[in-house]
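[1] Sequence first, then the predicted structure:
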Amino acid sequence: MNVPSVFLSSAAALCLAAPAVGQSLPPGVRGHWDVSSEACKAPGTSMTQVDIAADRIDTYGGDAIVREVDRSGPVTFVAADFLQREGIAEPGTLERTYFRLTQRDGPDRLNLIWKDVQTVDLVRCAPDPGGSANAPHPEDPLGEYAGALPIPTGFWVAAGDDCEDPANASWRVYDGIGLFGAQSRSCRIVDVAPDGTRYVIEQTCTATYDGSERTFRDTVEVQAPRRFGLIEDGDSTMQDFNWCSPRLRP
């Protein structure tokens, strides 16, 4: 990937002018961001939302793991390993990506430049600048957070699929009691083992086709307020799911 020479020269000058402040992003830039206050409040999956934690920058298109941080006044330069998740059949390989985050217009405004030349002005959605990027969205009028998992209840579809007409294998429902799809019903989570953003759950479900009961051990990774990854019992790969607003559900 070609990094703009202006970006590199600025970052190099910054490295010479001041020591690095560590590998964590400053508290002032952490939180939930979107292009407007209206976008913050809109239900469903936001393709323009950016969730920033101490060591991650998560977007609809993919997630970035922070590796190097340099700060100069209101400007923070970030080198991160980016993993594209949306628009491809399977996640690819990590690639080094550079971000520039600028806060000159107050703590609730952020200018973000990334992927060479993409730039966007953002407003803060979450009121707590030190909050986790994986915390529930505080201004989501429809997302109810209930039960064992910190994700909104409701209808979810596999990343890249249509909320209005998903295939049977591509949708899941979390009702606060259990997480189920077309092949199961009456699921009930009986045990949860949290590990950071991952939750290993054991749940008992009734099979849709023959009515038999079975206990499953699944892994749920909370990637953003309206996105999670799922490794189901017997699988070795993770599938990403996005939340669907009621007006988009089948």
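    Great, that's in hand. Numbering: from 1, shown residues only.

[2] Mind listing the residues bridging to the residue minimising distance to the centre of the chain?
    The geometric centre of the chain, computed from its C-alpha atoms, lies nearest to Ala224 (C-alpha atoms, centre = their mean), at 2.6 Å. Using DSSP bridges, the bridge partners assigned to Ala224 are Arg227.

[3] State the pLDDT value of it.
    pLDDT for Ala224: 79.

[4] again with the one 4 residues further on
    Per-residue confidence for Phe228 comes out at a pLDDT of 91.

[5] per the record, what domains does the protein have?
    Following automatic domain parsing, the chain resolves into domains at 5-124, 154-248.

[6] Out of those, flag the one nearest Ala146.
    Closest to Ala146 of these is domain 154-248 (C-beta to C-beta; 3.4 Å). In this view, the C-beta of every residue, glycine as well, is placed from N, C-alpha and C.

[7] Tell me which residue of the chain is furthest from the middle?
    Distance-from-mean max, the chain, by C-alpha atoms, centre = their mean: Asp210 at 35.9 Å.

[8] my read: Ala193 touches Tyr199, true?
    Yes - assessed by C-beta atoms under 8 Å, Ala193 is found in contact with Tyr199 at 7.1 Å.

[9] and Gly181, how many residues sit next to it?
    With neighbours defined by other C-beta atoms under 10 Å, the count for Gly181 comes to 18.

[10] Tally up the residues packed near the nearest residue to Gln49 once chain neighbours are set aside, please.
    Counting by C-beta to C-beta, 6 or more residues apart in numbering, the nearest residue to Gln49 once its immediate chain neighbours are dropped is Asp34, at 4.8 Å. By the criterion of other C-beta under 10 Å, Asp34 has 22 neighbours.

[11] gap between the two ends of stretch 189-204?
    Chord length of stretch 189-204, first to last residue, is 7 Å (C-alpha to C-alpha, to the nearest Å).

[12] begin at 52 from here
    That works, and once the first residue is 52, the last one we named lands at stretch 240-255.

[13] Just the buried positions in it, please.
    By 16 or more other C-beta atoms under 10 Å, the buried positions in stretch 240-255 come out as Ile240, Thr248, Tyr250, Ile252, Gln254.

[14] circling back: got the domains of the chain as CSV, with distance to Gly198 columns?
    Below are these laid out as CSV (distance: least, C-beta to C-beta, whole Å):
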stretch, distance to Gly198
domain 56-175, 20
domain 205-299, 4
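
[15] Flag whichever of these has the least confidence on average.
    Mean pLDDT is lowest for domain 56-175 out of the domains of the chain, coming in at a mean of 77.

[16] so how far is that one from its chain's centroid?
    13 Å (C-alpha atoms, centre = their mean, to the nearest Å).

[17] Show me the helices in this structure, by range?
    56-68, 88-92 (DSSP state H).

[18] what sits up against stretch 236-249?
    Outside of stretch 236-249, the residues within contact range by C-beta atoms under 8 Å, 6 or more residues apart in numbering are 185, 198-200, 228-231, 250-257, 259, 266, 270-274.

[19] Check the offset of it from the chain's centre.
    Taking mean C-alpha positions (C-alpha atoms, centre = their mean), stretch 236-249 and its chain are 19 Å apart.

[20] follow-up on the earlier one: ok, the buried residues of stretch 240-255 vs Leu76, which is closest?
    Among the buried residues of stretch 240-255, and counting by C-beta to C-beta, the member closest to Leu76 is Thr248, at 16.2 Å.

[21] one step back: of the contacts of stretch 236-249, which belong to strands?
    230-231, 250-257, 266, 270-274 (DSSP state E).

[22] Quote the end-to-end distance of stretch 206-226.
    9 Å.

[23] Any buried residues in that stretch, and which?
    Neighbour-count burial for stretch 206-226, counted by 16+ other C-beta under 10 Å, picks out 206-210, 212, 214, 217, 221-225.

[24] Please tabulate those in a markdown table, including the columns distance to Arg236.
    Formatted as a markdown table, the buried residues of stretch 206-226 follow (distance: C-beta to C-beta, whole Å):
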| residue | distance to Arg236 |
| --- | --- |
| Phe206 | 14 |
| Trp207 | 16 |
| Val208 | 18 |
| Ala209 | 19 |
| Ala210 | 24 |
| Asp212 | 21 |
| Cys214 | 21 |
| Pro217 | 17 |
| Ser221 | 17 |
| Trp222 | 13 |
| Arg223 | 12 |
| Val224 | 9 |
| Tyr225 | 13 |
